[in-house]
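Q: using only what follows, build the 3D model:
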Amino acid sequence: MSKELPQPTLEMMRADRLLIDPYLLWADDEGVPIVEDFGVDLRSVETAPWARMDAKGAIVHLKGRGDFMSMFVIDVAPGGATSSQRHLYEEVIYVLDGHGSTSVELPDGTSHSFEWGPNAIFALPLNVRYRHFNGSGTETARLVSGNNLCIMINLFHDPEFIFDNPGSFAGRFGGDDWFDGGGEMVETQPSRFMWVTNFVADVAQFKLKGWEKRGGRSSNIRFCLADGVMHVHSSEMPVGTYKKGHRHGPDFHVLVVKGSGHSLLWYDGDEDFVRLDWHPGYVFAPPDQMFHQHFNTSADPARYVPIACGSTRYPLTQAKKNVTLGVDVSVAQGGCQIEYEDQDPRVHQIFLDALAENGVSSLMGEFIDESPYGRPAGRAKEAAKEGA
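A: Here you go, the predicted structure:
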């Protein structure tokens with residue numbers, strides 16, 4: 001892996017007033033646990049009382065979070081609720097565990113409430129006032145917030161401006177049924193689709209669209225939530241398959257919602273891979289321009305939901321536009337992707353070894369010739385077409 005330069009400490013920022021990161025100073029002042037790692041099991045994160053939320057919480061900083069996004073873990077006590085919140089940053093909420101509801105106050109003073117359960121995902125329209133309520137009297141509800149507070153607070157370095165701003169964004173609430181599961185399906189590119197809504201009741205079961213250009217039999221859909229700048233999509237790998245390797249900028253927080261497997265990460269020129277084994281509730285963020293590849297090695301379909309700053313509708317930066325346009329285009333053609341025929345041969349062997357441990361058969365013979373790996377001669381689709 002590429003070496004990182006030494007970073008200024010919080011003490012240096014406070015004392016010397018140089019190279020200041022207002023977000024990191026804010027996070028330190030909040031007094032809750034801060035978890036830093038390459039990947040994190042969100043169910044194992046320890047929380048502590050968070051005065052701002054009137055609930056327990058923690059802050060999760062992943063190695064590849066960049067300067068645009070971070071995550072919070074919020075525990076709402078049985079029968080409890082968070083305090084009323086309002087802020088000038090966008091967030092996407094994923095329900096890791098529990099059942100409850102959220103009330104949202106519209107700009108005209110009226111309110112709307114909607115119920116949620118495990119694997120629900122939703123966005124709060126920018127700067128609306130809201131509260132989360134735990135509907136269970138016995139079990140804690142654990143919510144995960146993917147948000148862009150870090151870039152917002154670093155831009156303005158004024159927490160009061162972020163958390164006590166009267167600004168109203170009436171156009172962000174969306175259609176009348178967008179917090180009830182309604183929405184609009186939009187074809188953004190040929191064979192690429194986006195569901196425009198505020199609320200998805202179960203992102204682990206939401207029907208996806210086929211997108212084999214990113215990997216054998218894989219499927220995908222993008223979400224536009226609360227007409228915001230936060231990117232969300234969902235991708236699924238069938239049993240015995242894996243995605244093609246690719247790279248992009250930082251801040252894509254890959255959250256696993258179904259199945260188990262592993263991901264390999266490497267920089268161009270690295271001799272070895274970084275391997276992350278994952279399961280539902282695990283999240284990781286590939287660092288800037290670090291190649292990564294995802295593998296389903298379980299007996300069930302595997303699905304993950306990346307959350308980032310810079311959406312398909314509002315990409316914010318040229319880099320995010322390039323990802324949207326080049327995510328399924330090969331590196332040789334100026335895109336982000338490594339085609340199967342160009343990948344490191346070790347990649348497939350690692351996959352086969354993991355499948356063998358789990359008693360699962362590979363279905364990649366349809367896309368890769370597996371005979372060099374001691375398996376029955378298989379032909380990729382391209383070879384099959386040539387022989388037809």
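Q: contacts for stretch 22-37, please.
A: 10, 13-14, 45-52, 57-63, 70, 149-151, 153-154, 157, 159 (CB atoms under 8 Å, 6 or more residues apart in numbering). From N, CA and C alone the C-beta is placed, and that goes for glycine too.
Q: I'd like to know which of the residues you listed are buried.
A: 13, 45, 47, 50, 57-63, 70, 149-151, 153-154, 159 (16 or more other CB atoms under 10 Å).
Q: narrow the residues you listed to those in helices?
A: Using DSSP state H, the members of these that fall in helices are Met13, Leu149, Cys150, Ile151, Ile153, Asn154, Pro159.
Q: just the pLDDT at the fourth one, thanks.
A: Residue-level confidence at Ile151 comes out at 97, pLDDT.
Q: try Pro6
A: At Pro6, pLDDT is 88.
Q: what's the answer for Ala380, then?
A: 49.
Q: need the contact list for the nearest residue to Gly334 once chain neighbours are set aside.
A: Spatial nearest neighbour of Gly334, excluding adjacent residues (CB to CB, 6 or more residues apart in numbering): Gly326 at 6.7 Å. With contact set as CB under 8 Å, 6+ apart, Gly326 has these partners: Gly334, Gly335, Cys336, Gln337.
Q: how about the helix or strand that Asp28 is a member of: buried residues?
A: Following DSSP states H and E, one finds Asp28 within helix 22-30. For helix 22-30, burial by neighbour count (16+ other CB under 10 Å) applies to Pro22, Tyr23, Leu24, Trp26, Ala27, Glu30.
Q: now do the contacts for the closest residue to Leu62 other than its chain neighbours.
A: Nearest residue to Leu62, sequence neighbours excluded (CB to CB, 6+ apart): Ala285, at 4.0 Å. By CB under 8 Å, 6+ apart, the contact list for Ala285 reads Leu62, Lys63, Gly64, Arg65, Gly66, Pro250, Asp251, Phe252, His253, Val254.
Q: separation between Phe169 and Gln205?
A: Distance check for Phe169 against Gln205: by CB to CB, to the nearest Å, it reads 31 Å.
Q: tell me which of the two has more neighbours.
A: Taking other CB atoms under 10 Å, Phe169 and Gln205 do not tie; Phe169 has more neighbours (15 against 12).
Q: can you pull the contacts of that one?
A: Counting by CB under 8 Å, 6+ apart, the residues that Phe169 touches are Pro107, Pro125, Leu126, Asn127, Val128.
Q: reformat the buried residues of helix 22-30 as CSV; add distance to Ala201.
A: Listed next are the buried residues of helix 22-30 as CSV, based on distance: CB to CB, whole Å:
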residue, distance to Ala201
Pro22, 36
Tyr23, 32
Leu24, 35
Trp26, 33
Ala27, 31
Glu30, 31
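Q: give me phi/psi at Phe193?
A: Note on Phe193: its backbone torsions stand at phi -130, psi 150 [degrees, to the nearest 10].
Q: picking that back up, out of the contacts of Ala285, which is nearest to Pro78?
A: Closest approach to Pro78 among the contacts of Ala285 (CB to CB): His253, at 27.7 Å.
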